[in-house]
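Peer 1: Need coordinates for the following:
(chains A, B and C)
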Amino acid sequence: MKPLLFENFSQQINLQDTINSGQVFLWEKNGKKWYGINGNDVLAIDQNTRKITSFSENPADIFRNDDNLKKILENISQDKIVESAIQRFPGLRLLRQDPFQCYISFIVSSNSNIQKIKLMLKKLCKKFGRKVRFDGKEFFLFPEPKQLANAQTKDLLSCGLGYRAKSVKNASRDVVSEKIDFEFLKNADYDTTKKTLLKVYGIGDKVADCIMLFSLEKLVAFPLDRWMLRVLQKYYSKKFQSLGKTLTEKKYSMLHEEIINYFGPYAGYSQQFLFKMEREINKKKW
DNA sequence: TACTAACCTGTACG
DNA sequence: ACGTACAGGTTAG
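Peer 2: So this is what the prediction gives:
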């Protein structure tokens, strides 16, 4: 297999693949543009010109243009499976999300599936988010922490959250009370951040790793869900000692440690490519 | 400490 | 149409 050329990668973002890779849930295609909710902002991206416009004056750099992508891809493609995933989905990118939206999104994701997560979050925005007009269309921004913290349980339940309603409410309260401070956590190290997130009701190992990878600048975070376990068993069964049938808390951290040692400081990027590849192989819906 | 059942809901399958 | 299986991670026992 000939080596990949990473020189022009920044030009080759594939929106469809990036949005449909289990990291974001509030993006929809309308005509020739993709529209996405990112916290208090709405982003529009033309699929052909890739021109980005936004509801706010200063949109966040959601595509992580400040990452040294060439260096990262070269680093993670030392692993041959990851390299083949990159070859299949060269336009896949890791996104930088609004932390509160990401936090609630993955709390809601627990014991659910992508289709349902999208539905629940959409209803949450419609019920609790501010309605705005942008690009001649109507959008609902992601709710503020205090709106969810003060929400009536019955209203949360009407969004289809089920038993997750309690988690969403408690987690939002922890943000309002500043027990959870995203700006602090962005600058804290992996272990501190993880420990802090794990105290929140409704957040376990996997959800914490998703929040850290997708919104808190922890590129080493490698969320282990059932798809990644499948990937590890399929391609890496001899590589990792901690691979067992069940993932207890202890097993999770042992395995995560082994994974970081193997995949390196950009393990989270590797995870995103592997996840995308395996879901596509199994023809899963987004 | 390790394992398991229960959790709420939407979708797919027979 | 109707039940039953499945999708999923966290918590509590």
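Peer 1: what about the closest residue to DNA strand B within the stretch 51-200 of chain A, neighbour count?
Peer 2: Residue nearest to DNA strand B within the stretch 51-200 of chain A: residue A:162 (2.5 Å; C-beta to the nearest atom of the strand). For every residue, glycine as well, the C-beta is placed using N, CA and C. For residue A:162, the count of nearby residues is 14 (other C-beta atoms under 10 Å).
Peer 1: Please determine how far it is located from residue A:122.
Peer 2: 16 Å (C-beta to C-beta, to the nearest Å).
Peer 1: and if you look at residue A:176?
Peer 2: Distance, residue A:176 to residue A:122, using C-beta to C-beta: 23 Å.
Peer 1: Neighbour count for these two, which is higher?
Peer 2: Neighbours per residue (other C-beta under 10 Å) separate residue A:176 from residue A:122, with residue A:122 holding more: 18 against 15.
Peer 1: so where does the more buried one fall, helix or strand?
Peer 2: Assigned by DSSP states H and E, residue A:122 belongs to helix A:114-128.
Peer 1: Equivalent analysis for residue A:211, please.
Peer 2: helix A:205-215.
Peer 1: how about that helix, does it reach DNA strand C?
Peer 2: Yes. With C-beta under 7 Å from any atom of the strand as the criterion, DNA strand C is reached by helix A:205-215 at A:205, A:206, A:207, A:208.
Peer 1: thought the second one was touching residue A:226?
Peer 2: No. Distance between residue A:206 and residue A:226: 9.2 Å, which falls outside the contact criterion (C-beta atoms under 8 Å).
Peer 1: Those two - which one has more neighbours?
Peer 2: Neighbours of residue A:206 and residue A:226, each counted by other C-beta under 10 Å, are more numerous for residue A:206; the result is 18 against 9.
Peer 1: which residues touch residue A:81?
Peer 2: Residues counted as contacts of residue A:81 (C-beta atoms under 8 Å, 6 or more residues apart in numbering) are A:235, A:236, A:274.
Peer 1: Run the chain-centre distance for stretch A:179-191.
Peer 2: 17 Å (C-alpha atoms, centre = their mean, to the nearest Å).
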